[in-house]
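Peer 1: Requesting a structural model of the entry that follows:
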Amino acid sequence: MRSPLARTRTGRIRGVGLALAALGALAACSPGGADADATGSGTEPGADAVTEAQRLYQIVNDNRAIDGELQEIEQRVAKRCMEDEGFDVHQPSAFPPADTTLYGAAGYLTGAPLRAVPTPEEAAEWGFGQWTDYVWSPENEQYKDELLTPEARAAFELPAEDYVEPDTSEWDAQGAEYQAEWIEAYTGAAVIEDSLKGPQEDSEAPMGGCELRMVETMYGEPYTVTETDDGENGEESYEFQVTHRPSPVYTIGEFQDFGSLYDEVAEQVVAFESCLIDAGYEGWELGEELFPPLWTYFGRMYDPAYFEEFGDEEGIETPEPPEDVPSDFLGVLELERAMAGDFAACGQDSGLREAIEQSWAAMLVDAYLPIETDLVAWQTEMQGHLDSAQDYLQE
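Peer 2: So this is what the prediction gives:
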């Protein structure tokens, strides 16, 4: 698997923006040790696993927070260098804001297949969360501020704030000559002329210019990552530069083995599905990924015009909808909440919700416990770089 940090085979990654995104993707990973049981977990699911997973996940989140602080201070150091060179207007895309709020905001259960088994409280307020895909539509935007609370955004791993296009007017007003000179001063490499986009940086060039000077000021030298990838001619090696040593969390591979998780909770799944039948939801099965076709089922109610025109690309079959489907967004939302409440009750009665939480926690413990010492050491090292950079900026 190719590293999520890699941008090109010989290029570099600017700052840690992509690293943060990758951290979110890898936040729930397990390598599976040699002594793991048949489910891939060597840790016994249970309350102790949940407690340990919460503790370890906090360490991972602390690492993530440090990464965000590093990105911000790297930009301040680089901007000082550029301003010393006479460039006071900066390319907005070179200094994106650090957003650490999205990744892992739901705690150790981030990424866990719990959407079909919400808690009763979650079901009453948010249903299954399927409405979050449709509240952005122009006809529904009037409800967005009321429904997309900070808690809802965290629960469904949505950005804390809506994306706003960066203001590029000041940069655009500088003209192509200034922009080219700025890019060359920042990257240390000649620009690539693009007839449509204007001067562009050469992403294949090694780190140089003020970007390199920032790295030398903060870390001494860039960190080179060597990776291997399965190419046409077999395994190929490539390397790329990043500003600093990545968090040890990148040593963990993605597991995404919901089949093992399903095996762990199979008994509770049977009880859950039996409970649904008794509650009038015949035909609903979780499947190996523990997620029934809720998106398709409710999508046909929230946006019938879309499904009528395009259909379901994957051809997923769903149980029949109610006879009287509400025609408005809030009506469908209430239907979703009611159905989610019934699913939540079955999740509790069958023990499925608790079983998933505990089995997921066991997987995370298996993933993070072997690298806990490295995570703490990395955080201490990076805090030292942060402190040094703060002292530099105060000179």
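
Peer 1: For the residue lying closest to residue 141 once chain neighbours are set aside, list the residues it contacts.
Peer 2: Excluding the flanking residues, the one nearest residue 141 by CB to CB, 6 or more residues apart in numbering is residue 135, at 7.4 Å. The way it works is simple: take the backbone N, C-alpha and C, and place the C-beta from them, glycine included. Listed by CB atoms under 8 Å, 6 or more residues apart in numbering, the contact partners of residue 135 are 141, 143-144, 147-148, 329.

Peer 1: same thing but at 10 Å, please
Peer 2: 141-148, 152, 302, 329, 333 (CB atoms under 10 Å, 6 or more residues apart in numbering).

Peer 1: Go through those residues and flag which are in helices.
Peer 2: Judged by DSSP state H, the contacts of residue 135 include 144-147, 152, 302, 329, 333 as members of helices.

Peer 1: Would you reformat the residues you listed as a markdown table and include neighbour count?
Peer 2: Listed next are those as a markdown table, based on neighbours: other CB atoms under 10 Å:
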| residue | neighbour count |
| --- | --- |
| 144 | 13 |
| 145 | 10 |
| 146 | 8 |
| 147 | 16 |
| 152 | 17 |
| 302 | 21 |
| 329 | 20 |
| 333 | 23 |
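
Peer 1: for the residue nearest to residue 141, helix, strand, or coil?
Peer 2: Put simply, residue 135 is coil when judged by DSSP: H, G, I helix; E, B strand; the rest coil.

Peer 1: Now the two most distant members of the ones in helices among the contacts of residue 135.
Peer 2: Across those, no pair lies farther apart than 145 and 302, at 18.4 Å, counting by CB to CB.

Peer 1: among the contacts of residue 135, which two are most distant?
Peer 2: 145 and 302 (18.4 Å).

Peer 1: Just give me how far stretch 259-267 sits from the chain centre.
Peer 2: 25 Å (CA atoms, centre = their mean, to the nearest Å).

Peer 1: Do a quick rundown of the strands in this structure.
Peer 2: Under the criterion DSSP state E, the chain contains strands at 192-194, 198-200, 223-231, 234-242.

Peer 1: for these, which one sits closest to residue 175?
Peer 2: Among those, strand 198-200 sits nearest to residue 175 (CB to CB), with 9.2 Å.

Peer 1: Tell me the neighbouring strands of the closest one, and mark each as parallel or antiparallel.
Peer 2: According to DSSP bridges, strand 198-200 forms sheet pairs with strand 192-194 (antiparallel).

Peer 1: which outside residues touch the strand it pairs with?
Peer 2: With CB under 10 Å, 6+ apart as the criterion, strand 192-194 contacts 176, 180, 183, 199-205.

Peer 1: Buried ones in that strand, by neighbour count?
Peer 2: Within strand 192-194, no residue counts as buried by 16 or more other CB atoms under 10 Å.

Peer 1: same thing with stretch 343-353?
Peer 2: Buried, per 16+ other CB under 10 Å, within stretch 343-353: 343-348, 350, 352-353.

Peer 1: so where is the stretch 1-150 of the chain shaky, pLDDT-wise?
Peer 2: Within the stretch 1-150 of the chain, the segments meeting pLDDT under 70 span 1-41, 99-106.

Peer 1: change it to 90
Peer 2: In the prediction, the stretch 1-150 of the chain carries residues with pLDDT under 90 at positions 1-42, 60-61, 64-65, 96-112, 150.

Peer 1: need the longest helix for the chain.
Peer 2: The chain, longest helix under DSSP H: helix 47-84.

Peer 1: and that helix, what does it pack onto?
Peer 2: In terms of contacts (3 or more CB pairs under 10 Å, 6 or more residues apart in numbering; DSSP states H and E), helix 47-84 is packed against helix 17-25, helix 175-187, helix 209-218, helix 352-368, helix 372-393.

Peer 1: Let me see the mean pLDDT of the last one.
Peer 2: It stands for helix 372-393. Averaging pLDDT along helix 372-393 yields 96.

Peer 1: And that helix, what does it pack against?
Peer 2: helix 47-84, helix 209-218.

Peer 1: In the last one, which residues are buried?
Peer 2: Meaning helix 209-218. 209-215, 217-218.
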